[in-house]
Structure formats: C-alpha cells, structure tokens
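> with the sequence up front, the predicted model follows.
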Amino acid sequence: MKRIESRVDTSSEAYQRNHAAISAIVADFRARQERARHLCPPRDLMRLRSQNKLLPRERLDLLLDPGTPFLEFSSLAACGQYDDEVPGANVITGLGVVSGREVLIHCDNSGIKGGAWYTLTPRKLTRLLDIALENRLPVLHLCDSAGAFLEELSGVYIEGGRVFRNQCLLSKAHVPQIAMVFGHCTAGGAYIPALCDYSIIVRGAGGVFLGGPPLVKAATGEEHTADEIGGADLHTQVSGTVDYAADSEAHAIEICRDLVAQFRPATRSFVPEREPEAPYYDPDEMHGIVSPDHKVQFDHRELIARMVDGSRFHEYQPAYGTTLVCGYAYLWGYRIGILANNGVLFSDSSKKAAHFIALCNQNRTPLVFLQNTTGYMIGRSYEMEGITKDGAKMLMAQAGSEVPKFTVITSAAFGAGYYGMCGRAWDPRFIWAWPNIHMGVMGPEQAANTLADVKIAQLRRQGHVPDEAAMKVLRDRVYEKAERESNAYFATSRLWDDGLLAPTDTRNALGMALSAASHAPIGEPHYGIFRF
C-alpha cells in the first residue's frame, strides 16, 4: 500500500479558520462530557458517603484493569432532556478490560436520584446488550437503582422488558453475565441479577426484591425491612437467588474479577495481521480539514491519512464513482475496507459501493463507513440513469453483508445516503458522530423551502394569493426546527449513535471496536434480489 500524499496546506487561511472552529467545537464537547460524567448533587453525594458507598466511576476504577482504556457509550444521552438533570440517561455503559478479558459494563448512576431509571435508561441498556449479542461479549452489571422514576413509569415499562429479554438471549448464546448488587434492585430491576450466570450482593447495602418495603406494606399490610425481604443473607442462604455475599463493594468487585478470570478463553474470527503503526500525518490536522459548515466539502482521503496505519491506503476504482472513496487500509494492525463520501452519491458511486462491499465480504474484511453525504442525487436525468435502483443495490449489498460494520459521521448525514452509508437502522456494530455534524431527512433550507412551496401550491389551487409575510414566517419556523433537530447533541441525546467522538479519538475507538467485534463468528453473505 502506498502512503497517501496529503495536499493540506496547514498555513492557509481556510485551514487555520477550520482548525480554530473545530477545536472550539471539540473543547465545548469535552466540557459537556466532563460535566455529564461527574455531576453529582451535594445531597446525593452526602447520601452515598453516609452509606459507605463508592461513586459509580470509583467502582469502575476498581473493576477495570489498571492502565487499560474504557470506551464509554452515549455519554451525552438525554442531554437537553429532563431539564438536564439526568446525565447519560442515568446509566454508564461501555467497553473495557477486566482480568484481561474484553467485557461490556452496565453501571447504574446511583449519584443521581438514587440511580432511578428514565425512559432512555433501559433504551441505552438495551443497546448495550444488543452490542453484547452482536459481538459475543460478556456483560458485567453494577446494580444500584431506585427503580423506575415514578413520572416515567409508562416509558420504562415497555423499554425495560427488552433489557430482560436480551439478557435471556445472551444466556441462550452462552455469553456470560455477572451482576454486582451494590444497592437496591427493585421490581423489574430484580430480574437483572436473577438472569445473570453469577450474582454478588453487598451485605447490609444490597437488596433484591420484586416489591420493596413500601410496596409490600401497601399491597399486603406486612412490614419488613429491606434486608429482611431482599438482603444478602436471605438470598445467599435461603432463596438461592444470589450466589455470593460480599462484605464491601471492594470485596464484591474482587469476587467479580476472579469470576471473569475463569471465563473460557475468547475465540477470534479475525486478528491483527501486522504490527500497528501510527499515522504518518498528525491526527490533530483533521481539525483544519473539516469545515464547521457541513455544506463545505473536503477530501475524505485527508482524514483517512490521519487515521490509518502509516497513512497507507490502497484505493479501489480511483477513477470511477469519484464521489465515493473506497479502499483497503490497516488500523491498529487490522485489515479494513473503507467507504468514505466525497460528495453526493450518484449511480456510479452507488454501484461501486455495492461491488466493494461484496468484495470485503468475500475476503472477510471489516467495513468502516466515513459519512459526509447529502444523500443520493435527484433529478430527471439521474432517475433516467437509474439512481433509485442503483442506490437500492448499495442497500441490498449492505443488508446482506456479514462482516462487522462500523460507522463514523464526520460532517453531514442527510437523506437516504445516511442509510446507504450504514446509518443506525442498518445495524453497524458501532456508530459514532463528531460533535460538528448535522443530520436529518433533508437540510434545514430544503425542508423550509419544500414546505413553503407545497403550501403556496395548495393556496393557489384554492384560488388564494399566497401572503409573502406568512410564507416567510412558515419558512423561518420550519428552518429553525430543522436546524435545532439536526445537530449532533439532539441526535446523541436520543441514542441515534453510540456517542460523540473527538476526531483525534476516532482511531482508538475504531481499534477497540474491531477487537471487540472479532469475538463473534462471521457468516456467509446472503443477498436478496439486485435490480439490474
């Protein structure tokens, strides 16, 4: 593979302007993330300390192998929702290393409202367990939750059932799970430790019960303490619901680490094929390549050169379908196939994508999609050329793909191009976005003008003369709503991705994701009907 020859002029005015703007966007993102990660109201902090409990991230520090990375998912879930009082949807999820094994972790955020679940909490947990199923990764549950937030009962009820269903499927697939009960597991939450292979409870603090003391009293008139109906001695000596009693949180984590060390050795469907090599070009230069304005194009090869090993890239069909860059590279020693937008998708670039996806499936090469697309090209001449059926070929190839797929949105993600480039609905193993991105069915300008044109046509059919002032109000209202709902924080808050990434963190995140995905077997691709 040849090293990409970069054409970026780091002294140019455009580069300097982009670098300053993107760096400011990334700094704001990191500040938001830090606030979300470490927010703990003084009252909750005092409550935890009075109960001799650790903070959630202190538990993670004890659990994870020293010096190993933790790839957190959806750290800004629920941002801008619930009055910004439920950071991360009140649960921490991510990928880490425990006793030398890659594992997924669910950690209730007991530092906020007792770890209560909101509608987005079980949705985020379901996504974690989906990742576990897709990649055959063990799951460790750090349980300490007050149960469903009472004003969110209807939302938690349906979403919560999916969590337990996924736990059952993991067991069916022989993927191990361990629960550590640091606090209460109430109502449906009691099923989390009950559905795990192993469970550990902290004596005097942990509790597992379908109905806590207040509910039991209300329903039956019986009065019991939490320990009497769900404590460590009851469940480890009488009911057998829990396997181990721990004297402290540190003791529970020690037991968990010992159990993880007993898991059978991991099998791999693919492994690094060469020694990792840092990119030849400085990854920080990505800040100067991408414009904060998603309408300004850039060459994705320049980003690839700052992500992959040695900045080396073998481009496939470089002279055909030039609005889509395809080719092979290595990342942390793993061979990957890359599809990256250099503009709108035409018929030729769509057919090129379908062919390249099939090639990567043939030689078992994981796919990385780098998204910056305004969608598939529209217009009469393009319809005559067959853009719809050629775009469908790309979708069909992707749906039949069996190799792991990973998606990073670097700038724009609009229209059906978002689907073709492996958006959330197309089941990438992981999908991330940069904090500068914009995404939606169409851009704000197109949405505003389209709705206004439809309204004007409707008025004219009814014999009315459109009022220009009223049309401007309509355009402005639609534009403002579309602009607000197309930014990165709106999307990540609703779990449309697995979290936001700073550009310079993308290489490491992809490396961890590739290692995680290698645990699952790769099947034979089976495609549907291609319309020729």
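Here it is on my side, so go on.

> now the helices for the stretch 1-150 of the chain?
Ranges of helices within the stretch 1-150 of the chain are 13-38, 42-50, 56-63, 120-135, based on DSSP state H, counting those that start in this stretch.

> got TSV for these, with distance to residue 265 too?
C-beta coordinates here come from the backbone N, C-alpha and C atoms, glycine included. Below are the helices of the stretch 1-150 of the chain laid out as TSV (distance: least, Cβ to Cβ, whole Å):
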stretch	distance to residue 265
helix 13-38	33
helix 42-50	37
helix 56-63	21
helix 120-135	16
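
> tell me which of those sits most buried.
helix 120-135 (a mean of 23; mean count of other Cβ atoms under 10 Å).

> and that helix, what other elements does it pack with?
Using 3 or more Cβ pairs under 8 Å, 6 or more residues apart in numbering; DSSP states H and E, the elements in contact with helix 120-135 are strand 71-73, strand 91-98, strand 101-108, strand 139-143, helix 153-172, helix 506-517.

> pLDDT on the third one, on average?
On average, the pLDDT along strand 101-108 is 97.

> can you list contacts of that strand?
56, 59-60, 63, 70, 90-97, 115, 125, 128, 131-132, 137-145, 183, 260-261, 263, 266, 515-516, 519 (Cβ atoms under 8 Å, 6 or more residues apart in numbering).

> that one to strand 91-98, inter-axis angle?
160 degrees (axes from the mean of the first three to the mean of the last three Cα atoms, to 10 degrees).

> from now on call the first residue 748
With 748 as the first residue, the last one maps to strand 848-855.

> mind putting the helices and strands packed on helix 867-882 into CSV with mean neighbour count and distance to residue 1048?
CSV is the format used below for the helices and strands packed on helix 867-882 (neighbours: other Cβ atoms under 10 Å; distance: least, Cβ to Cβ, whole Å):
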stretch, mean neighbour count, distance to residue 1048
strand 818-820, 21, 26
strand 838-845, 24, 29
strand 848-855, 23, 31
strand 886-890, 26, 38
helix 900-919, 17, 39
helix 1253-1264, 22, 15
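
> roughly how far does residue 876 sit from residue 1236?
According to Cβ to Cβ, to the nearest Å, residue 876 stands 25 Å off from residue 1236.

> report the contact partners of the closest residue to residue 888 other than its chain neighbours.
Leaving aside its sequence neighbours, residue 888 sits nearest to residue 926 (Cβ to Cβ, 6 or more residues apart in numbering; 4.3 Å). If you count contacts by Cβ under 8 Å, 6+ apart, residue 926 has them with 887, 888, 890, 932, 939, 940, 943, 945, 946, 947.

> those in strands, which ones?
Among the contacts of residue 926, DSSP state E puts 887, 888, 890, 932, 945, 946, 947 in strands.

> what is the second one paired to in the beta sheet?
On DSSP bridges, the residues paired with residue 888 through beta bridges are residue 853, residue 926.

> please apply the same query to residue 1153.
Under the criterion used (DSSP bridges), residue 1153 bridges to residue 1115, residue 1177.

> which one of the contacts of residue 926 is nearest residue 773?
In terms of Cβ to Cβ, no member of these lies closer to residue 773 than residue 887, at 30.5 Å.

> re earlier: between the helices of the stretch 748-897 of the chain, which gets the lowest average pLDDT?
helix 789-797 (a mean of 89).

> tell me the angle of that one relative to helix 803-810?
Using the same axes, to 10 degrees: helix 789-797 against helix 803-810 is 40 degrees.

> which of the three states applies to residue 1230?
Classification of residue 1230 by DSSP: H, G, I helix; E, B strand; the rest coil places it in helix.
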